[in-house]
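Participant: Sequence unavailable; structure follows:
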């Protein structure tokens, strides 16, 4: 079931909730089989299911959105394999609490009792505190089960990650959330909702089981006589905003989705992810910076106006502000999504910079060097330089590469958009160079 209640962790998983406890606590699962929505982990073929069947746990990090079952799963794991359960929260605990937990685990180990140490919000411990877990995990004093809503790759240090298996809990889908409501109704009676309102309530939870049950409890407490439709439910309950932390994982997931949708020329999906970000409170200038980057990286010279459009959108937004200026951001987004795509400039940038680092300080050929002094002229600077404007067709076909280096091809325009015309020009210049070499 869902990780319905990670804030206050009881001392033992066997504690029964009080009769007046919140609905979410009273519906906390009693076995791993009761956990909904995470069967890919808890089922017979899942990582947790296999460890429980073997009767031995390895240290693990449970990574998932709020309300998906992290705390409940950890508590039930200890019961399933007969381990002592201890818990700390990185929000409320300090070094003294950790030392006490480790000391108690060592005493239990000497008595032959293994300890599962559950650390909620483990990413909130700093790097030094995270390092403090290592010797106790390595010696087997504790089996560490950490819970985090943040990407472990960024939030946890490498040494800790190398000693723990990362298990990903999914946000609860509509079926899993529906199963939670079924359990609530079996305990408390039918909810005052028609079928459409029930679906709307599930959708409003955004994958968070704890939130869903808290909303259901609010409905029960109100003792509403008539069934509500979606409009009535919307008036009664304040809809929860989608989870989105501007400096965290959701932020990077959505900007990645926007970028990929633009690259894939899907204006509808691109608008959806743009709207997701802006309605969640993302800084519009951040989005504009990403669009400007996209204009050069993924459109480039296939449509040189793409960069102009994005910079114009930035100016328009700064001039108008929100919400009027957000229309200019939408326009830039649509322009990029529907523009011909080319990463030729981006690839040329990477390969030319790599080449520059590899070749060091090779001197350009002497004929294209300026010679402002007599000495420089005497040693050959500028000698036999071919002035292109004096050549037929305004093109000399001269060699501009260092003598120690063969000519390279960094920029390879594609047969799309304006780059098709650039490709024609380059092909013409290449033919002229070949003719000059044959003369």
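Facilitator: Everything's here; your move. Fair warning: this is a prediction, and the values are worked out from it, not measured in the lab. Residues are numbered from 1 along each chain as shown.
Participant: alpha carbons only for contacts and neighbour counts from here, please
Facilitator: Noted.
Participant: Need the contact partners of the biggest helix by length in the chain.
Facilitator: In the chain, taking DSSP state H as the definition, the longest helix is helix 419-438. Outside of helix 419-438, the residues within contact range by CA atoms under 8 Å, 6 or more residues apart in numbering are 301-303, 395, 397-398, 412-415.
Participant: Quick one: buried ones out of those residues?
Facilitator: Taking 16 or more other CA atoms under 10 Å as the criterion, what is buried in those is 301-303, 397, 412-415.
Participant: Make TSV from the contacts of helix 419-438 and add secondary structure, pLDDT and distance to residue 145 to it.
Facilitator: TSV is the format used below for those (DSSP: H, G, I helix; E, B strand; the rest coil; pLDDT from 0 to 100; distance: CA to CA, whole Å):
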residue	secondary structure	pLDDT	distance to residue 145
301	helix	96	51
302	helix	96	51
303	coil	96	52
395	coil	92	69
397	coil	89	68
398	coil	90	67
412	coil	93	51
413	coil	93	52
414	coil	93	51
415	coil	93	54
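Participant: tell me which residues in stretch 184-199 are buried?
Facilitator: So stretch 184-199, judged by 16+ other CA under 10 Å, has buried residues 184, 191-193, 197-198.
Participant: Summarise which helices and strands the helix or strand hosting residue 87 is packed against.
Facilitator: Assigned by DSSP states H and E, residue 87 falls within strand 84-89. Here strand 84-89 touches helix 70-81, helix 95-110, strand 115-120, going by 3 or more CA pairs under 8 Å, 6 or more residues apart in numbering; DSSP states H and E.
Participant: Just name the most buried of those.
Facilitator: Greatest average neighbour count among those goes to strand 115-120 (a mean of 26), per mean count of other CA atoms under 10 Å.
Participant: how far is that one from where the chain is centred?
Facilitator: 26 Å (CA atoms, centre = their mean, to the nearest Å).
Participant: quick one: residue 234 from residue 215, how far?
Facilitator: Distance, residue 234 to residue 215, by CA to CA, to the nearest Å: 12 Å.
Participant: Of these two, which one has the most company?
Facilitator: When residue 234 and residue 215 are compared for neighbours, residue 215 comes out ahead with 20 against 15, by other CA atoms under 10 Å.
Participant: hang on, that one in a strand?
Facilitator: No. With DSSP: H, G, I helix; E, B strand; the rest coil as the criterion, residue 215 is assigned helix and is not in a strand.
Participant: all helices for the stretch 301-439 of the chain, in order.
Facilitator: Using DSSP state H, counting those that start in this stretch, the helices of the stretch 301-439 of the chain run over 305-320, 326-338, 344-359, 374-378, 419-438.
Participant: Could you export these as a markdown table, including mean pLDDT?
Facilitator: Output for the helices of the stretch 301-439 of the chain, formatted as a markdown table (pLDDT from 0 to 100):
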| stretch | mean pLDDT |
| --- | --- |
| helix 305-320 | 95 |
| helix 326-338 | 96 |
| helix 344-359 | 92 |
| helix 374-378 | 86 |
| helix 419-438 | 90 |
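Participant: Return the residues in contact with residue 194.
Facilitator: 227-229.
Participant: residues in contact with the closest residue to residue 411 other than its chain neighbours?
Facilitator: The shortest distance from residue 411 to any non-neighbouring residue, by CA to CA, 6 or more residues apart in numbering, is to residue 348 (4.7 Å). For residue 348, the contact set (CA under 8 Å, 6+ apart) comprises 410-412.
Participant: Pull the number of nearby residues for the spatially closest residue to residue 324 that is not a sequence neighbour.
Facilitator: Once flanking residues are discounted, residue 324 sits nearest to residue 317: 7.7 Å by CA to CA, 6+ apart. Counted with other CA under 10 Å, residues neighbouring residue 317 total 21.
Participant: Kindly report the same for residue 94.
Facilitator: Counted with other CA under 10 Å, residue 94 comes out at 13.
Participant: Torsion angles phi and psi at it?
Facilitator: The phi/psi pair for residue 94 (degrees, to the nearest 10) reads phi -130, psi -170.
Participant: Against residue 334, how distant is it?
Facilitator: In terms of CA to CA, residue 94 sits 50 Å off from residue 334.
Participant: ok, now residue 137?
Facilitator: Following CA to CA, the distance that separates residue 137 from residue 334 is 52 Å.
Participant: what do you get for residue 325?
Facilitator: 15 Å.
Participant: Repeat that for residue 378.
Facilitator: 58 Å.
Participant: Is it possible to get TSV of the contacts of residue 194 that adds distance to residue 170 and neighbour count?
Facilitator: TSV is the format used below for those (distance: CA to CA, whole Å; neighbours: other CA atoms under 10 Å):
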residue	distance to residue 170	neighbour count
227	31	15
228	30	20
229	29	16
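Participant: Filter those down to the ones in strands?
Facilitator: Using DSSP state E, no member of those sits in strands.
Participant: now the residues you listed in TSV, with distance to residue 352?
Facilitator: Output for these, formatted as TSV (distance: CA to CA, whole Å):
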residue	distance to residue 352
227	67
228	64
229	62
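Participant: Can you tell me which of these is nearest residue 382?
Facilitator: The closest of the contacts of residue 194 to residue 382 turns out to be residue 229 (CA to CA; 83.7 Å).
Participant: How far away from the center of its chain is stretch 147-163?
Facilitator: 14 Å.
Participant: which stretches of this structure have low pLDDT?
Facilitator: 1-17, 238-250 (pLDDT under 70).
Participant: now do 80
Facilitator: 1-20, 206, 238-252, 280-281, 437-439 (pLDDT under 80).
Participant: For the buried residues of stretch 184-199, which two are the farthest from each other?
Facilitator: 184 and 197, at 15.9 Å, using CA to CA across the buried residues of stretch 184-199.
Participant: Grab the most central residue of the chain for me.
Facilitator: Note on the chain: the residue nearest the mean C-alpha position is residue 253, at 3.2 Å, using CA atoms, centre = their mean.
Participant: gap between it and residue 337?
Facilitator: 18 Å.
Participant: Name the SS class of residue 147, please.
Facilitator: Residue 147 is classified as strand under three-state DSSP.
Participant: Burial check on it, number of neighbours?
Facilitator: Neighbours of residue 147 (other CA under 10 Å): 27.
Participant: Can you spell out the domain ranges of the protein, please?
Facilitator: 23-168, 174-236, 249-338, 364-438 (automatic domain parsing).
Participant: got TSV for those domains, with distance to residue 356 too?
Facilitator: What follows is the domains of the chain, written out as TSV (distance: least, CA to CA, whole Å):
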stretch	distance to residue 356
domain 23-168	32
domain 174-236	50
domain 249-338	20
domain 364-438	11
